[in-house]
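**Q** Quick one, structure for this:
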Amino acid sequence: MKTLRFLVPAAVLLTTLSGSVMACSAHDDNWTGSDKAAHFGVSMAVGIGTSRLSDDTWTAFGLALVPGVAKELYDATRDCNRFSWKDMAWNAAGAYVGVRTGNWLLGPSGVSYRMAF
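**A** Residues are numbered from 1 along each chain as shown. Take a look at the predicted model:
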């Protein structure tokens, strides 16, 4: 898990350094673009899954961000595309909601939401 704590900041640093070059016309990246729901939904699903892999919320959150970071790094290498911090914000929101939902629904003792009521 120490490797993960190094990998995520390193990936963010690399994308910051390499993602600012644009090969094509201005990139239209709205906060409510058509792909934002997909970023949120996939990160939420991965967050629910990673909440089962680790009891530590931050570790699960970091693991849930890995596919989103990988996707954005891939986008940064494509012509007429770039790394999108808005997409990463939606990835982070989805990962957070997913991990918290996973912890609530599927706690250490199995289905734990019944204990909350």
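**Q** Just the buried residues of stretch 32-39, please?
**A** By 16 or more other C-beta atoms under 10 Å, the buried positions in stretch 32-39 come out as K36, H39. Every C-beta, even on glycine, is put in place using the N, C-alpha and C of the backbone.
**Q** Can you give me the end-to-end span of that stretch?
**A** Distance across stretch 32-39, first residue to last, is 11 Å (C-alpha to C-alpha, to the nearest Å).
**Q** who touches it?
**A** The contact list for stretch 32-39, computed with C-beta atoms under 8 Å, 6 or more residues apart in numbering, reads G68, K86, D87, W90, N91, G94.
**Q** Which single one of the residues you listed is nearest to R52?
**A** Comparing the contacts of stretch 32-39 against R52 with C-beta to C-beta picks out G94 as the nearest, at 16.6 Å.
**Q** just the helices in the chain please.
**A** Using DSSP state H, the helices of the chain run over residues 2-18, 36-50, 57-77, 85-105.
**Q** Next, the buried residues of the second one.
**A** Going back to what we said before, that points to helix 36-50. Buried, per 16+ other C-beta under 10 Å, within helix 36-50: K36, H39, F40, V42, S43, M44, A45, V46, G47, I48, G49, T50.
**Q** Now do the same for C24: its pLDDT.
**A** At C24, the predicted lDDT confidence score is 61.
**Q** ok, now L106?
**A** 81.
**Q** Now it: closest residue in space that isn't a chain neighbour?
**A** Take L106 and drop its neighbours on the chain: the residue closest to it by C-beta to C-beta, 6 or more residues apart in numbering is R52, 6.2 Å away.
**Q** Please tell me how far that neighbour sits from L105.
**A** Using C-beta to C-beta, to the nearest Å, R52 is found at 10 Å from L105.
**Q** Verify the stated contact: the residue nearest to L106 with V99.
**A** No. Counting by C-beta atoms under 8 Å, R52 does not reach V99; the two are 10.0 Å apart.
**Q** ok, these two, which is more surrounded?
**A** Shown here are R52 and V99; by other C-beta atoms under 10 Å, V99 has more neighbours (28 against 13).
**Q** Okay then, goodbye and thanks.
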